[in-house]
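> From the sequence below, what's the structure:
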Amino acid sequence: MSAAKVIGFRVRTALYIAVTFSFLLSVYFIISFFSVKDALTTRNDEEVYSQLESVLSRLTVRSDNGDFQSLAKEYSTTGEAPMGLGLIRSDKPSLHYQTFGPQHSRQLLDSHAFNPAQLPLDIHVGNETYRIFSRSKGVFTIFASISTLTFQEVTEAMVSRYLILLATGAFVSFLVGLFTADRALKPLLLLIASAQRIKEQQGEAPSLLPTHTRTIEINKLAIVINEILQERDRNIAALKDFTADAAHELRTPLTILKGELEVDLRTKLLHDNDRVSLESNLEEVQRLIHIVEDLLFLARSEQPTYSESQEFVSWSLDQLVVDSCNRLKPVIESKQITLTNKCNTNTHLILPRLNIERIIYNILLNATQYTPHLGEIMIDSEQTTDRTVEIIISDTGIGISPEDLPFIFDRFWRADKSRSRHAGGTGLGLTIANTLAHQYGIKLICESKSGSGTTMRCIFPL
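Numbers count the residues shown, from 1 in each chain. Model prediction:
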């Protein structure tokens, strides 16, 4: 998965805002920079031309070289940058070209023949740039050369400040984007939290998402989801009612059928083949009876009005694990499975013992069914600091693939579909265990990999 897909909506929105604001700010800075640069250049040119006009206005036909020199010294020392001046008199070839001012400017004017029609013009000399100007009046033509170093420093300072402002603006816009995204996402996050609470309400009365937030779109989404939830609840309730009714209706005829098969098997005149057939039928009937009993138990336990008839007395959790292991001893010995019980919690609970034993028994039974011949089952315990105690049941069975883990508590789900009948059981053991665990605040956590066995953690609150 690419990084763009992993980034959350909150950060992505902030990045979009920051990038958009930075782009607009960059466009504004570029436009303003060239506008200011052009304005400064125009103002600088106007000042230089104004000085040249002033010099020309003070020159007369009778002016000599000394007059121009004094004027050049006066004007070349004013302004932000020293200016070099050169004079051409068309009526006196002997005074064809005179230059005054800073040395670099004088050298530039002396070494270049400039066409007044092409001025102003920028000339690069080494790391420095000079701008050449000219003005004519009568027989006089004045050339001026001025360094743009100060102007360049100003523009570079402008660029530096623009970059600093751009970085600051991008950072501030990112923070503003985060704040805006938080405000925009708050109703959605509340909707997600409500949906999460509904998801965790297994076996409880159905709840609906809030539809009175300050965001119209979120309200519409919540209404649609509520309609889906209500339809789902109706379908689940109808399915559970049908399952309970069907199981109840099947219970009596199956019990009668079982009794008749047992009576027939007591007849001594049966042929061997008939006896084998009847025994097989009795085995299937007993299996159906187990399924019906489990379905009826689930139907009763999932009812909101279900009340526990067992007494809440104190009993040992360690002894309960031992009793569950003893009940499975024939199955364990038939498959030559090595069972190691290291459970030592020294904990007594005040809960209905039969239901808690059914949780542990069903988990152990599931482990024996999917652990191969000569496999191993380990039971351990761990007491944490957050007032909980764990019973850890691990096996060396076929394991469960990660994509199948979310479905292990579903009715009739099996890890290996190809051997569902041979594995035995009804496919409801873990469903019953999870339903009972939820009623008493017990958390079941399954850890497994396909082909690497399974570990089931039963976390009991103290």
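> Residue 288: helix or strand, and which one exactly?
Following DSSP states H and E, one finds residue 288 within helix 272-301.
> any low-confidence regions in the stretch 51-200 of the chain?
59-83, 91-113, 126, 149-152, 200 (pLDDT under 70).
> So which residues of it form strands?
Counting by DSSP state E, counting those that start in this stretch, the stretch 51-200 of the chain has these strands, from start to end: 83-89, 98-100, 121-125, 128-137, 140-147.
> Present the ones you listed as TSV; the columns should include distance to residue 388 and mean neighbour count.
Every residue, glycine included, has its C-beta placed from N, CA and C. As requested, the strands of the stretch 51-200 of the chain are arranged in TSV below (distance: least, Cβ to Cβ, whole Å; neighbours: other Cβ atoms under 10 Å):
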stretch	distance to residue 388	mean neighbour count
strand 83-89	88	24
strand 98-100	96	19
strand 121-125	80	12
strand 128-137	78	18
strand 140-147	81	24
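> got CSV for those strands, with distance to residue 198 too?
Formatted as CSV, these follow (distance: least, Cβ to Cβ, whole Å):
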stretch, distance to residue 198
strand 83-89, 82
strand 98-100, 91
strand 121-125, 73
strand 128-137, 72
strand 140-147, 76
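> one step back: now tell me what touches whichever helix or strand comes after the helix holding residue 288 from outside.
As assigned by DSSP H and E, the chain's next helix or strand after helix 272-301 is strand 313-316. The contact list for strand 313-316 (Cβ atoms under 8 Å, 6 or more residues apart in numbering) reads 347, 348, 349, 350, 353.
> how's the protein carved up into domains?
3-154, 231-301, 313-461 (automatic domain parsing).
> And the ones you listed: which comes nearest residue 195?
domain 231-301 (12.6 Å; Cβ to Cβ).
> Helices of the protein, start to end?
3-6, 9-57, 65-76, 103-111, 149-200, 216-265, 272-301, 317-327, 329-334, 353-370, 429-439 (DSSP state H).
> Compare those helices and give me the one nearest residue 135.
That would be, of the helices of the chain and by Cβ to Cβ, helix 9-57, which comes in at 4.0 Å.
> relative to strand 140-147, how tilted is the closest one?
Per axes from the mean of the first three to the mean of the last three Cα atoms, to 10 degrees, the angle that helix 9-57 makes with strand 140-147 is 150 degrees.
> Report the inter-axis angle for helix 9-57 versus strand 83-89.
Using the same axes, to 10 degrees: helix 9-57 against strand 83-89 is 40 degrees.
> Packing partners of helix 9-57?
Contacts defined by 3 or more Cβ pairs under 8 Å, 6 or more residues apart in numbering; DSSP states H and E place helix 9-57 against helix 65-76, strand 83-89, strand 128-137, strand 140-147, helix 149-200.
> can I get these in a markdown table with distance to residue 395?
Below are these laid out as a markdown table (distance: least, Cβ to Cβ, whole Å):
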| stretch | distance to residue 395 |
| --- | --- |
| helix 65-76 | 99 |
| strand 83-89 | 96 |
| strand 128-137 | 84 |
| strand 140-147 | 88 |
| helix 149-200 | 28 |
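> Please identify which of the ones you listed is closest to residue 31.
Across those, closest to residue 31 is helix 149-200 (Cβ to Cβ), at 11.2 Å.
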